[in-house]
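**Student:** got a sequence here, can you build the structure:
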Amino acid sequence: MGTSQSREGLDVSDSDYEEEDDESQEQREEDHSDVKTSSGVKSRASVDQLDEVDEKLKALKLKYQSSSAQTPNLKNAVKLYLHIGGNTPNAKWIISDKRTSYAFVKASSDNPDDDDDDEEEGSYGKGQSWWVLKVGSKVRARVSTEIQLKMFGDQRRVDFVSSGVWALKFPTDEAYRKFVTEFQNCLFENVYGLEASEENKIKIYGKEFIGWVKPEEADDSMWEDADDGFGKTPEPVTPVRRTEDLMEEFEEAANGGVQSLTLGALDNSFLVNDVGVQVYRNFNHGIHGKGVSVKFDGGRLQGSSSSGQSAAKKALLMRAETNMMLMSPMKEGKPHASSLNQLDLETGKVVTEWKFEKDGADITMRDITNDTKGSQLDPSESTFLGLDDNRLCQWDMRDRKGMVQTIAAANSPVLHWNQGHQFSRGTNFQCFATTGDGSIVVGSLDGKIRLYSKTSMRQAKTAFPGLGSPITHVDVTYDGKWVLGTTDTYLVLICTLFSDKDGKTKTGFTGRMGNKIPAPRLLKLTPLDSHLAGTNNKFHGGHFSWVTENGQQERHLVATVGKFSVIWDFQQVKNSAHECYRNQQGLKSCYCYKIVLKDESIVESRFMHDNFAASDSPQAPLVVATPMKVSSISLSGKRRAT
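**Tutor:** Predicted coordinates:
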């Protein structure tokens, strides 16, 4: 295990950003001239040649002017820094351009000279345009969440990613605020195709979501009201990630090809890989392999009648964790499945293959989950929930005629569509999760997050507007007060609490939330960590820690990106006085986290059930699965003796 050390701080005073004279600037450039980077920093040899030419020109007694005199009216003047050295001890910021300027310009797919990024043209289509940030001749980046812009209002500085990690330093507070406002307006227009006027923002978000439109006017009182149970998290002196409270207990091989991690709250947990299901024993310090597995046969479970399907990607525990439902996509790279296998974990055999069918027609499912957050512990459980692009339903494994069907039957038995709704079009559901009482949260391709009560799947009680990025995974706390949505570039944390007309506090699962809906908070990587994670790595699988009893409270949040497992302290994220939120414009973003670094891309990271919290650590261990290994990591408030 490793952790990423924070190297993003410039750690200089304002005076260090003041314009330098020519002599000091020449000396600084010479000091860094031996550093070769993509920004075009000159080599020492080229600097020597330029110095020689410079001396000859001076000998001709030509009149020299300072750089500031040469460009007295430089519009949008900034100082540009480049971060070099990655995450090594030699990492540092260097001045890439002492005096340059930025501009937001329109690029069009009709004009290849504007931008030659085929991906951008494919995203927007022929004839459309988008805003691009240009900084001098060194930076050109489409305005999007992918550049991971981070604000430092107290330093009049922003950091971002564009084939490297850059920082802009502004001469005045006014110039800084002007840039941030322009950036946010361009981002809105790039996402929604509308000018960033207040009228258009209300059109996109709705009048009820004034906190989305004007975060500075959002009512944060609900965040504070919900911040009970354990009290406030003490603020660290410096908001950096610490390593002394991340202790890896053990790591073991996982026989390769791991597809998913399924944790149990009782005796066992499971890894689904290319060849079968491996069984692990649950302990207070993590999970250990038992050397027991159920093998697949030619890409499917032994005993299954399925053919032509890929290996199982989704596993769901049921019936007091004695049964597992395994869903295999029909096509590689696509999540949709037409059936699933019911595996009896006590015998290691597939007892039934179930088909998805509605009104006599075969249908598909994108995802399945338990009826409630703890129903996998119910020995009599016979129903579960299903989700497809435009369907939300409950499946019942009990045959309506009272007959027990087995896999030996000529045709696979059909699951009974118990309740649900098939929406006409346009919902583009992607993922879902359930609360402790069976309420349902659904994330969509357009970024919307919908809340359904446990009594109706036909109409959402609350629909939170999207922020422009598809929701790829969603989780919810046991009590339904908090929802966590995962996007490729950030996590969005939503408080569902509101006060009804009688002053009673409710959640958005049980009633319409009115016009005082708290603004969401974003959980992001710093630009440096985002760059280190890799350009093709995306957030996936954001989860709360796991509780299944009223009165218990989730303590952490975890998500995966590339080789990183990223952990946030839940109480710290909820604290409105948290240091991360100072000097920010727009939605509050939290950058205080711990990173677990692995040597290969991580498949999934999950906290074990709260039952397995050790006596010296209030948090149950974190289990991290890569394609080849599984690790168990404990979080504690202090370093253990070695």
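**Student:** and the strands in the stretch 501-642 of the chain?
**Tutor:** 505-507, 521-523, 539-544, 556-561, 564-569, 589-590, 594-597, 604-607, 622-625, 629-635 (DSSP state E, counting those that start in this stretch).
**Student:** what's the closest of the ones you listed to Ser576?
**Tutor:** Closest approach to Ser576 among these is made by strand 521-523 (9.3 Å; CB to CB). (C-beta placed from N, C-alpha, C; glycine too.)
**Student:** returning to what we had before: turn the strands of the stretch 501-642 of the chain into TSV, columns for mean pLDDT, distance to Lys178 and mean neighbour count.
**Tutor:** Shown next, in TSV, are the strands of the stretch 501-642 of the chain (pLDDT from 0 to 100; distance: least, CB to CB, whole Å; neighbours: other CB atoms under 10 Å):
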stretch	mean pLDDT	distance to Lys178	mean neighbour count
strand 505-507	89	39	18
strand 521-523	96	22	22
strand 539-544	97	30	22
strand 556-561	97	32	25
strand 564-569	96	31	24
strand 589-590	94	20	20
strand 594-597	93	34	21
strand 604-607	97	40	24
strand 622-625	96	43	25
strand 629-635	92	42	23
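**Student:** could the ones you listed be laid out in TSV, adding distance to Thr372?
**Tutor:** What follows is the strands of the stretch 501-642 of the chain, written out as TSV (distance: least, CB to CB, whole Å):
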stretch	distance to Thr372
strand 505-507	15
strand 521-523	26
strand 539-544	15
strand 556-561	21
strand 564-569	25
strand 589-590	29
strand 594-597	30
strand 604-607	18
strand 622-625	22
strand 629-635	27
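**Student:** which one of those strands lies nearest to Asp488?
**Tutor:** strand 539-544 (6.0 Å).
**Student:** C-alpha coordinates for that closest one, CSV please?
**Tutor:** Provided in CSV are the C-alpha atoms of strand 539-544 (Å, rounded to 0.1, in the frame of the first residue of the first chain):
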residue,chain,number,x,y,z
PHE,A,539,-14.1,7.8,-10.8
HIS,A,540,-16.2,4.7,-10.3
GLY,A,541,-18.1,3.0,-7.4
GLY,A,542,-18.5,5.8,-4.8
HIS,A,543,-19.8,4.2,-1.6
PHE,A,544,-20.7,5.2,2.0
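**Student:** neighbouring strands - and their directions - for it?
**Tutor:** strand 556-561 (antiparallel) (DSSP bridges).
**Student:** outside of the strand it pairs with, which residues touch it?
**Tutor:** 484, 486, 491, 493, 523, 525, 533, 537-545, 565-570, 573, 602-607, 619, 622, 635 (CB atoms under 8 Å, 6 or more residues apart in numbering).
**Student:** again, 7 Å this time
**Tutor:** Strand 556-561 is contacted from outside by 484, 486, 491, 523, 525, 533, 537-545, 565-570, 602, 604-605, 607, 619, 622, using CB atoms under 7 Å, 6 or more residues apart in numbering.
**Student:** assign a three-state SS to the nearest residue to Gly136 once chain neighbours are set aside, would you?
**Tutor:** Counting by CB to CB, 6 or more residues apart in numbering, Gly136 lies nearest to Thr100, which is 3.7 Å off, once chain neighbours are set aside. Under DSSP: H, G, I helix; E, B strand; the rest coil, the three-state class of Thr100 is strand.
**Student:** surely Thr100 and Val78 touch.
**Tutor:** Yes: with contacts counted by CB atoms under 7 Å, Thr100 reaches Val78, the gap being 6.2 Å.
**Student:** spell out which residues are contacts of both of those two.
**Tutor:** With CB under 7 Å, 6+ apart as the test, Thr100 and Val78 both reach Val135.
**Student:** between the two, which has more neighbouring residues?
**Tutor:** A direct count of neighbours by other CB atoms under 10 Å for Thr100 and Val78 places Val78 higher, at 24 against 20.
**Student:** pLDDT at the more buried one, what is it?
**Tutor:** Per-residue confidence at Val78 stands at 96 (pLDDT).
**Student:** average pLDDT across stretch 461-473?
**Tutor:** Mean pLDDT, computed over stretch 461-473, is 94.
**Student:** no no, stretch 204-214
**Tutor:** pLDDT averaged over stretch 204-214 gives 85.
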